[in-house]
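> Return atomic coordinates for the entry below.
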Amino acid sequence: MASAPEYDISSAGHIPDDSFGTTGRSVFVVLLLGMSVLAAAVRFWGIGEGEFWFDENCTFYIVHHLFDWPADGPDPLREVAHLPYFLLLNLWTGIVGETILGMRSFSALIGILGVFVLGLLGARLGGHRVGLTAAVLAAFNPLQVHYSQEARGYTTWLLAVTLCIYCLYKAAHALNKRWWLVYVVVAWLTVLTHYFTLAWFFGTIGGVLIAGDHRRYLRQWLVAHAVLALALLPVIWFLVIPLSEGGPKPWFREMWAAFPPSLAVLKSIWAMLPAGGYPAYLGSLAVAEDAVSLEWGALLAFIARWMPITVVICVVVLPSVRRRPTEPPVSQGRTRTIGFLVILSLAYLLTSFTHSWLWEPTYIVGRFDLAAWPSLLLAVAFLIERAAVSLSTKCGRQAGVRWGLTVVLLLCSGIVLVGMRFAAVPNDSKQRARRASSPSCSASAARASQLRRREALGMPLSSATVSSMRRALPHNWRSASAWPRA
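Prediction:
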């Protein structure tokens, strides 16, 4: 048997890729492609069912009028916060048409690509086994599946943040100008994808843990982010400031008060795990929990909600209890990489939380905290691998421990995903009205749900329908007259 390649401690964040032997790369790519096919099956399962809900109607309006904005339409600088997504979706709908399936399928394809890229990133950071574990967990993650079935830009945001992590890793490992330049460009585009990415950059200081030369990394990090800040000045001036002038939307405050705020970060982590607790406004996920609880018994609901967080606590605690007197270099590199990923996740969540606590509520669990999801899921994959290595010293079955833990998490994901499909709740009216107890939010969601999207796509809109749409939309949309017509 070929010996494992030597590990150079100077490259603290690089783990040797000896997971599948000499043909490891080919085997890994085949397995990753197979996992992407399974991810596609999960995301396209029932994707065309149900009508567009409130936000998806807004997406349709923006994409339809992207290059022909009505004079009396809403302020485009205030509404187009996912500009790269809208541009790409406009090109996509030009090919497949502006249908429910056509518009949602773009999010699904981006979600599938996100699973593949996350697997590649995991393999680069921690070896093929970590990459495959991350891809498996991402493929069936209920939160990612949920956003992959909506005509909204959140899967594009997740993919962009994942690419940012990859570029940051390469820049920290290579410490050359080329990769820092690529990182700045990708980061700039990611901010356009969602301006809340600005809070994510604080955690990038954690890259010092995976850099071979800490001082050199810090110098280059400062220069790169100074250049990025200058490049973002127009974005902040023309996009972020106008968006913030109107203050947070009323339901932001309602959701912030309902978390409660002191538990918001913990609830974010819980919602991003392979299964967990989901706020009511996440629609199908919240309904899935009710379906599991009512139709299949409280035991399954309890397992799906609490088992993943129990597994994560175990994989954090057990290797620490069984820690060896001296860790081998590969374990040290893996520990530093876990620290880097944890810093990326927690720094973003805590920065967003602090902003909402001290200034204005913008922290929404399971939505505006999504920039922490890629690094958090990678950290879980690393923790599973570390636990498998640690526990295998006693039982001698490293692969069995690794895949045993992964299968337990997948079963919990599967319970939630099946609940999503068989909850038998319409896509909008009953789901979205659950998101807030406020009469204004519930009434707005109820009015929007009365609009039949397929009828709007297939025939001219009547004056009554247009009036109903205006009443259901925020104040700055009500004056828009040029609604899409067949």
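
> need the helices for the stretch 251-400 of the chain, in chain order.
Counting by DSSP state H, counting those that start in this stretch, the segments of the stretch 251-400 of the chain that form helices are 264-272, 284-295, 298-321, 329-358, 373-395, 398-422.

> got the angle for the longest one vs helix 373-395?
Going back to what we said before, that points to helix 329-358. Interaxial angle, helix 329-358 versus helix 373-395 (axes from the mean of the first three to the mean of the last three C-alpha atoms, to 10 degrees): 140 degrees.

> ok, now which ones touch the closest residue to Gly206 other than its chain neighbours?
Of all residues not flanking Gly206 in the chain, Ile343 sits nearest, at 3.1 Å (C-beta to C-beta, 6 or more residues apart in numbering). Any C-beta I mention is one placed from the backbone N, CA and C, and that applies to glycine too. Counting by C-beta atoms under 8 Å, 6 or more residues apart in numbering, Ile343 touches 203, 205-206, 209.

> List the residues that contact Ser268.
349, 365-366, 369, 372.

> show me where the stretch 1-150 of the chain has helices.
For the stretch 1-150 of the chain, applying DSSP H, counting those that start in this stretch gives helices covering 24-44, 54-64, 76-79, 83-96, 100-126, 128-139, 142-148.

> Tyr278 and Lys267 touch, don't they?
No. Tyr278 is beyond contact range of Lys267, at 9.1 Å (criterion: C-beta atoms under 8 Å).

> For stretch 104-122, give the mean pLDDT please.
Mean pLDDT, computed over stretch 104-122, is 96.

> An error on my part: the question was meant for stretch 283-300.
On average, stretch 283-300 scores 63.

> Same question for stretch 226-242.
88.

> got it, and stretch 348-362?
Here stretch 348-362 scores 90 as its mean pLDDT.

> 23 is where my numbering starts, stick with that
In the new numbering, first residue 23, that becomes stretch 370-384.

> How far off centre is it?
The chain centre lies 18 Å from the centre of stretch 370-384; the measure is C-alpha atoms, centre = their mean, to the nearest Å.

> CA-only coordinates of it in CSV, if you can.
Presented in CSV, the C-alpha positions along stretch 370-384 are these (Å, rounded to 0.1, in the frame of the first residue of the first chain):
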residue,chain,number,x,y,z
TYR,A,370,-21.0,37.0,10.2
LEU,A,371,-23.8,35.9,12.5
LEU,A,372,-22.5,38.0,15.5
THR,A,373,-21.9,41.1,13.3
SER,A,374,-25.4,40.9,11.9
PHE,A,375,-26.8,40.3,15.3
THR,A,376,-24.9,43.3,16.8
HIS,A,377,-26.2,45.6,14.0
SER,A,378,-29.8,44.5,14.7
TRP,A,379,-29.4,44.8,18.4
LEU,A,380,-27.8,48.3,18.5
TRP,A,381,-29.3,50.0,15.4
GLU,A,382,-32.1,48.5,13.3
PRO,A,383,-33.4,44.9,13.0
THR,A,384,-32.1,43.2,9.9
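
> what's in contact with that stretch?
Under the criterion C-beta under 8 Å, 6+ apart, residues 218, 221-222, 224-225, 266, 269-270, 274-275, 277-279, 283, 286-287, 290-291, 385, 390-391, 393-394 lie in contact with stretch 370-384.

> Select only the buried ones of those residues in ChimeraX?
Buried subset of the contacts of stretch 370-384, written as a ChimeraX selection, criterion 16 or more other C-beta atoms under 10 Å:
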select :218,221,222,225,270,274,275,277,278,286,287,290,291,385,390,391,393,394
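
> that older thread, would you single out the least confident of the helices of the stretch 23-172 of the chain?
Lowest mean pLDDT within the helices of the stretch 23-172 of the chain: helix 98-101, at a mean of 63.

> right, and Arg126 touches Gly70 too?
Yes. Using C-beta under 8 Å, Arg126 is in contact with Gly70, at 7.0 Å.

> okay, the two: which has more neighbours?
Taking neighbours as other C-beta atoms under 10 Å, Arg126 and Gly70 compare with Arg126 leading, 24 against 12.

> Now do the more buried one against Pro96, distance only.
According to C-beta to C-beta, to the nearest Å, Arg126 and Pro96 sit 23 Å apart.

> thinking again about what came up before, report the buried members of the contacts of Ile365.
Buried members of the contacts of Ile365, scored by 16+ other C-beta under 10 Å, are 225, 227-228, 231.

> Farthest-apart pair in those, please.
Farthest apart among the buried ones among the contacts of Ile365 by C-beta to C-beta are Gly225 and Leu231. That separation is 11.3 Å.

> Mind checking the helices of the stretch 273-422 of the chain for the one nearest to Phe66?
That would be helix 420-444 among the helices of the stretch 273-422 of the chain, by C-beta to C-beta, at 11.8 Å.

> Packing partners of the closest one?
For helix 420-444, the elements it packs on are helix 150-161, helix 164-170, helix 306-317, helix 320-343, helix 395-417, judged by 3 or more C-beta pairs under 8 Å, 6 or more residues apart in numbering; DSSP states H and E.

> so how far is the shortest one from its chain's centroid?
If I follow you right, that is helix 164-170. Helix 164-170 sits 8 Å away from the centroid of its parent chain (C-alpha atoms, centre = their mean).

> In this structure Val118 contacts Ala130, no?
No. Under the criterion of C-beta under 8 Å, Val118 makes no contact with Ala130, lying 11.9 Å away.

> Among those two, which residue is more densely surrounded?
Neighbours were counted for Val118 and for Ala130 using other C-beta under 10 Å; Ala130 has more, 23 against 12.

> Report the contact partners of that one.
If a contact means C-beta under 8 Å, 6+ apart, then Ala130 has 62, 65-66, 69, 170-171, 177 as its contacts.

> ok, of these, which one's closest to Gly441?
Ranked by distance to Gly441 (C-beta to C-beta), those are led by Gln171 at 14.2 Å.

> Tell me the spacing between the closest one and Leu307.
Going from Gln171 to Leu307 by C-beta to C-beta gives 11 Å.

> And Val139, by the same measure?
Val139 sits 23 Å away from Leu307, going by C-beta to C-beta.

> Of the two, which one has the most company?
Higher neighbour count among Val139 and Leu307: Leu307, with 26 against 20, using other C-beta under 10 Å.

> and which of the contacts of Ala130 is nearest to Ala145?
Of all those, the one with the least separation from Ala145 (C-beta to C-beta) is Ala62, at 20.1 Å.

> thinking the closest one is in contact with Gly136, fair?
No. Look at Ala62 against Gly136 with C-beta under 8 Å: they stay out of range, at 11.9 Å.

> Compare those two (neighbour count), which wins?
Regarding Ala62 and Gly136, a neighbour count based on other C-beta under 10 Å identifies Gly136 as having more, with 29 against 17.

> how far away is that one from Leu142?
Separation of Gly136 from Leu142 (C-beta to C-beta): 11 Å.

> what's the answer for Phe108, then?
27 Å.

> can you check Glu120 too?
Applying C-beta to C-beta, the value for Glu120 to Leu142 is 32 Å.

> and if you look at Ala196?
Counting by C-beta to C-beta, the gap from Ala196 to Leu142 is 17 Å.

> neighbour-wise, which of the two wins?
Leu142 (18 against 14).

> For the nearest residue to Lys289 once chain neighbours are set aside, list the residues it contacts.
Nearest-residue entry for Lys289: Val387, 4.8 Å, with adjacent residues in sequence omitted and distances by C-beta to C-beta, 6+ apart. Val387 sits next to 277, 281, 286, 289-290, 293, 301 when contact means C-beta under 8 Å, 6+ apart.
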